[in-house]
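*Asks:* Below are the sequence and a predicted model for it; my questions follow.
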Amino acid sequence: MFLLDTLEQGLADLDARGLRRRRRIAETPCDAHMNVDGREILGFASNDYLGLAAHPALAAAMADGAARYGAGSGGSHLLGGHSRAHVQLEDDLAEFAGGFVDAPRALSFSTGYMANLATITALAGRGTTLFSDALNHASLIDGARLSRADVQIYPHAGTNALAAMLEASDAAVKVIVTDTVFSMDGDVAPLAALLALAERHGAWLVVDDAHGFGVLGPQGRGALAAAALRSPHLVYICTLGKAAGVAGACVIAHETVIEWLLQRARPYIFTTASPPAVAHAVSASIKIIAGEEGDARRAHLATLIERTRAMLRQTRWQPVDSHTAVQPLIIGSNEAALAVAARLDEAGLWVPAIRPPTVPVGTSRLRISLSAAHSHDDLARLETALRQLGEIEVPA
Ligand code: PMP
């Protein structure tokens, strides 16, 4: 009993600190309006930034892929699981988002978490120094830990501090790693300055564009395209379960980097390849993202972002200066953030309260995630609900 008691105590402790997480059950496809836990809600919780997750063309592509390739891949990529659909997806992605490097090649993964672990552990090891932004995503942090490299954390977006760290380092291999769009703040990393530092110090720059791919840059080609950056030192990671609306991830880099990952990245080698139908659906998604429909969805999303920024400035809480679809409102304590989220929930709005360890202590927040699936009427409902929160009492 002793072992179970310890866990129960740990869970009770999470409860007491307002840190216990609970899952909700979606009964209908991910969309602005969904049935969750048996109730109709207006959702601001998803990363489905372009509103493609419920797109009939992608559901049809998934069904077509399953008809062609079956349900599962049957093996790892190096042992039988690599299909024509994966090859096609990698070619599509290298062409679509690989413009930042000569000879781009792409490698597909079943999740972004795995892609991050794989990339970092393949590029960094003992004798390497990794320079990591203080607000990087958990999967980059875990990759850094797994790599056994020396890890130096620079202050969020702190390019001066990073420059000093690079200057002082005599590591044989240096790797700078950053989110492009920070997932809990919505701000964009100073990519041009980071690349200039990487070039000056002979370092790799690994960027995780989970929240930028499909949304930023011309045709949604991502954060590097938006900043018009080019370098053989760049390694680009994008996830395909957010704006692309399906699942999976991809690493894009110079073909030599990709060949190295293929040979050495254990999270790539020792796992079953994703179902080919998933890759097939992502290829269909890229066509939508790159085309006129993608442009229209991004333009609509941009109007929603600007309207939300204006709306959040009117509340009693502190908005973050974000121009992306991630629009946080910093509330403060866990209890206060939970209380505010609960009031919104009563009004039929799902806006998640994000708490430590996902964000620093004392900065618990509502994270409003916008999607092209939202209408201006949906935003009007959010605005009304936030205005009504103006008067309520919340715990400190
Ligand atoms: N990087 C960032 C910045 C993310 O926000 C996420 C997902 N929350 C991931 C990587 C992981 O991607 P996936 O969900 O595909 O595992």
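*Replies:* Looks like it came in fine.

*Asks:* Just the buried residues of stretch 327-347, please?
*Replies:* 327-341, 343-345, 347 (16 or more other CB atoms under 10 Å). Heads up, the C-betas are built off the backbone N, CA and C, glycines and all.

*Asks:* actually stretch 242-259, not the one I wrote
*Replies:* 242-254, 257-258.

*Asks:* ok, and does it reach over to the ligand?
*Replies:* Yes - interface with the ligand: stretch 242-259 contributes residue 249 (CB under 6 Å from any ligand atom).

*Asks:* okay, how far is it across that stretch, tip to tip?
*Replies:* End-to-end span of stretch 242-259 (CA to CA, to the nearest Å): 26 Å.

*Asks:* if we can go back for a sec, counting only strands, which of the buried residues of stretch 327-347 make the cut?
*Replies:* Within those, residues falling in strands by DSSP state E are 327, 328, 329, 330, 331, 332.

*Asks:* now the fifth one, nearest residue through space, not along the chain?
*Replies:* Yep, that's residue 331 we're talking about. residue 337 (4.2 Å; CB to CB, 6 or more residues apart in numbering).

*Asks:* what sits against the one you found?
*Replies:* Residue 337 is in contact with 331, 353, 354, 355, 364, 365, 366, counting by CB atoms under 8 Å, 6 or more residues apart in numbering.

*Asks:* do the same with residue 62
*Replies:* Residue 62 touches 246, 277, 278, 280, 281, counting by CB under 8 Å, 6+ apart.

*Asks:* Tell me the secondary structure at it.
*Replies:* helix (DSSP: H, G, I helix; E, B strand; the rest coil).

*Asks:* From the ligand, how far out is residue 226?
*Replies:* Distance of residue 226 to the ligand, computed by CB to the nearest ligand atom, to the nearest Å: 16 Å.

*Asks:* if I read this right, that residue contacts residue 215, doesn't it?
*Replies:* No - the criterion here is CB atoms under 8 Å, and residue 226 misses it with residue 215 at 9.2 Å.

*Asks:* Who has more neighbours out of these two?
*Replies:* residue 215 (26 against 18; other CB atoms under 10 Å).

*Asks:* Skip the chain neighbours and tell me the closest residue to the closest residue to the ligand within the chain.
*Replies:* Nearest residue of the chain to the ligand: residue 112, at 2.4 Å (CB to the nearest ligand atom). Excluding the flanking residues, the one nearest residue 112 by CB to CB, 6+ apart is residue 239, at 3.4 Å.

*Asks:* Count residues in the vicinity of that neighbour, would you?
*Replies:* Burial measure for residue 239: 27 neighbouring residues, criterion other CB under 10 Å.

*Asks:* on that earlier part again, how about the ones in strands among the buried residues of stretch 327-347 in CSV, adding distance to the ligand?
*Replies:* Shown next, in CSV, are those (distance: CB to the nearest ligand atom, whole Å):
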residue, distance to the ligand
327, 15
328, 13
329, 18
330, 18
331, 21
332, 23
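
*Asks:* Closest one of those residues to residue 203?
*Replies:* Taking CB to CB as the measure, residue 203 sits nearest to residue 328 out of those, at 30.0 Å.

*Asks:* what about the strands in the stretch 1-150 of the chain?
*Replies:* Here the stretch 1-150 of the chain has its strands, by DSSP state E, counting those that start in this stretch, at 33-36, 39-43, 104-109, 128-133, 150-154.

*Asks:* Which among these is found nearest to residue 379?
*Replies:* strand 39-43 (9.8 Å).

*Asks:* Considering helices and strands only, name the one in the chain with the lowest mean pLDDT.
*Replies:* Lowest on mean pLDDT, DSSP states H and E among the helices and strands of the chain sits strand 318-319, with a mean of 86.

*Asks:* May I have the strands that pair with that one, each with its orientation?
*Replies:* Strand 318-319 pairs in its sheet with strand 326-332 (antiparallel), by DSSP bridges.

*Asks:* For the partner strand, output the C-alpha coordinates as CSV.
*Replies:* Provided in CSV are the C-alpha atoms of strand 326-332 (Å, rounded to 0.1, in the frame of the first residue of the first chain):
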residue,chain,number,x,y,z
VAL,A,326,-2.2,32.4,-29.3
GLN,A,327,-3.6,35.2,-27.2
PRO,A,328,-2.9,34.9,-23.5
LEU,A,329,-4.5,36.8,-20.7
ILE,A,330,-2.3,36.7,-17.6
ILE,A,331,-4.5,36.3,-14.5
GLY,A,332,-1.9,35.5,-11.8
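
*Asks:* roughly how far is that strand from the heart of the chain?
*Replies:* Its chain's C-alpha centre lies 17 Å from the corresponding centre of strand 326-332 when counted by CA atoms, centre = their mean, to the nearest Å.

*Asks:* And for stretch 141-148?
*Replies:* Averaging C-alpha positions (CA atoms, centre = their mean) puts stretch 141-148 18 Å from its chain's average.
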